[in-house]
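Visitor: attaching a predicted model along with its sequence, questions to come.
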Amino acid sequence: MNKQLRLPGKTAIFLCAVLWSTAGLFITIIPWHPLVIAGGRSFLATIFLLVLRRMTAKKESGEQKKSLSPLILSVGAVCYALAMILFVIANRMTSPANAILLQYASPIWAALLGWLFLKEKPFWQQWVSLAMVGCGMLIFFSNTLGGGALTGDIIAFISGITFAASLVFLRKAKNHSPLDIMIYANILTTIVSIPFFILHPPIMTTASILSILFLGIFQTGIAVALFSYGIKKVTSLQAMLIVAIEPVLSPVWVLLGTGIAPLTSTIIGGSIIVIAVIFSSTSTKILKPLRPEAFSKLQFLKKQP
């Protein structure tokens, strides 16, 4: 019965990851200022999510209808808004593959932030994963040190940290309505982008209009709704593992859509980061018997006649 209940959640998060992975491709197609893209996307997503929220409000349980703590709602929304804004900027300042793969060190940072703020102490496997991420980062930066792309890589790196922070707050809200955090984050992003619409008026073309509509409604709106639904149905471990498909798909979409192939360093460094994320997300179950407590129990059993 549990498997039947969890299947829809897994499917929702997988579809969310597929939609998220298309960001790099469509952002490169739109010749607008990065914050104009972020604002336009969030404006469309906000409209979609508010309509969806109103449609689903009547179906919520009593626990879900309780208001979120203002602190969790506001800080979570700011973190997710920063993640979206910085990610769009990074996509324009470095390669889309670098941006998405650097951001996907976020589960490692989520483990660290969860330890600090949620008292969820990471296992030793997660420390190993953090070291692997560090190695992957060095390989990523090997071809960009001293070049203009380094700034974009750093912004993508910070975007990953803010995204991880938002995940911590989404976990805190999983018994209420994580979607509320996402809605406020998109409203904040829209507000921040208003001056940039005035300073950098977007050039309207068929390609840019269709791309921003896709980014707002599908890549952000529907994806966020799917993630908010799925995180209630599956554990964070399962969610992280499923979402890890995003950085694998992103360079594929970019290659198919624009012909831009990722650098060798991107492939190698990105592979290390993805392996680290998967290892961190799965090893706590796969290698659970290797934890110190397990060794103690094993020694105790050996001493018994």
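Guide: Yep, that arrived. Residues are numbered from 1 along each chain as shown.
Visitor: any idea how far V192 lies from I161?
Guide: Note on V192: its distance to I161, by C-beta to C-beta, to the nearest Å, is 19 Å. Any C-beta I mention is one placed from the backbone N, CA and C, and that applies to glycine too.
Visitor: when these two are compared, which one has more neighbours?
Guide: Between V192 and I161, counted using other C-beta atoms under 10 Å, the more crowded position is I161 (21 against 17).
Visitor: grab the nearest non-local neighbour of I181.
Guide: Counting by C-beta to C-beta, 6 or more residues apart in numbering, I181 lies nearest to G76, which is 4.1 Å off, once chain neighbours are set aside.
Visitor: got phi/psi on the residue nearest the centre of the chain?
Guide: The chain has F163 as the residue nearest its centroid, 5.7 Å off, counting by C-alpha atoms, centre = their mean. Main-chain dihedrals, F163, degrees, to the nearest 10: phi -70, psi -40.
Visitor: repeat for I260
Guide: The phi/psi pair for I260 (degrees, to the nearest 10) is phi -80, psi 110.
Visitor: does it really touch V254, like I thought?
Guide: Yes - with contact defined as C-beta atoms under 8 Å, I260 reaches V254; the gap is 5.4 Å.
Visitor: which of these two has more neighbours?
Guide: Legend: neighbour count by other C-beta under 10 Å for I260 and V254, higher for V254 (26 against 15).
Visitor: hmm, who's touching the host helix or strand of the more buried one?
Guide: Using DSSP states H and E, V254 sits in helix 245-258. The contact list for helix 245-258, computed with C-beta atoms under 8 Å, 6 or more residues apart in numbering, reads 14, 17-18, 20-25, 28-29, 95-97, 100-101, 103-104, 260-262, 266-267, 270, 273-274.
Visitor: likewise stretch 127-139?
Guide: Residues from elsewhere that reach stretch 127-139 (C-beta under 8 Å, 6+ apart): 102, 105, 108, 111-112, 157, 265, 268-273, 275-277, 279-280, 283.
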